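Novice: I'll drop the sequence and a predicted model, then ask my questions.
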Amino acid sequence: MRRRLAESLAVLLSVASLGAGAASGPNSSEAAKVANKPTVQAVSRRSKQETKNSLHPYEVGTASWYGEFFQGKETASGEPFDMQALTAAHPTLPLGSFVRVTNLRNGRAVVVRINDRGPVVEGRIIDVSYNTAHVLGFDGRGVQKVRLDLVKPATMARLQTVASLQ
């Protein structure tokens, strides 16, 4: 009986010592792995910073549109201009990047792809395709004050996924 009690106590102490070792924290190799992972606090700080940056537009200024005269002509990206596509010309943004253009007069917004260089008229920040101007509601006016916000590629992937469901 004593022997059985001693064995049980030995097993219990062994299990307890294993648990105590694990509870003390990671060993040095595990600590190095954990140190390289972002913490929850760092992630929430990053998302707050991204939110803060999204409150500030990339650019605000005058937009114009171009259409039929340029239809089918080669853009800076090498593709033919399509006045019905949601595209735009910008002087400095990388070709292929996406920008949300918001009409500051009526609040309408649309995401366009930068595929050309321009505008060539001083004081304008972007030239949009005819269809983009139509969606924004300034095709009859010719020019309009707009706000530009950069759209990250991950956001575009989510938007395209949602669009494919409709």
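Specialist: Looks like it came in fine.
Novice: for the chain, what spans make up the strands?
Specialist: Using DSSP state E, the strands found in the chain span residues 59-66, 87-89, 98-103, 109-116, 124-129, 143-151.
Novice: show me what the shortest one is packed against.
Specialist: If you count contacts as 3 or more Cβ pairs under 8 Å, 6 or more residues apart in numbering; DSSP states H and E, strand 87-89 packs onto strand 109-116, strand 124-129. All C-beta atoms are positioned from the backbone trio N, CA, C, and that covers glycine.
Novice: strand partners of the first one, parallel vs antiparallel please.
Specialist: Read it as strand 109-116. The pairing partners recorded for strand 109-116 under DSSP bridges are strand 87-89 (parallel), strand 98-103 (antiparallel).
Novice: just the mean pLDDT for it, thanks.
Specialist: Strand 109-116 comes out with an average pLDDT of 97.
Novice: next one: the shortest one
Specialist: For strand 124-129, mean pLDDT is 97.
Novice: give the pairing partners of that strand; include direction for each.
Specialist: Applying DSSP bridges, strand 124-129 is found paired with strand 59-66 (parallel), strand 87-89 (antiparallel).
Novice: quick revisit: out of the helices and strands packed on strand 87-89, deepest packed?
Specialist: strand 124-129 (a mean of 23; mean count of other Cβ atoms under 10 Å).
Novice: what angle do that strand and strand 143-151 make?
Specialist: Interaxial angle of strand 124-129 relative to strand 143-151 (axes from the mean of the first three to the mean of the last three Cα atoms, to 10 degrees): 90 degrees.
Novice: contacts for strand 124-129, please.
Specialist: By Cβ atoms under 8 Å, 6 or more residues apart in numbering, the residues outside strand 124-129 that reach it are 59-67, 81-90, 99, 101, 112, 116, 118-119, 136, 143, 146, 148.
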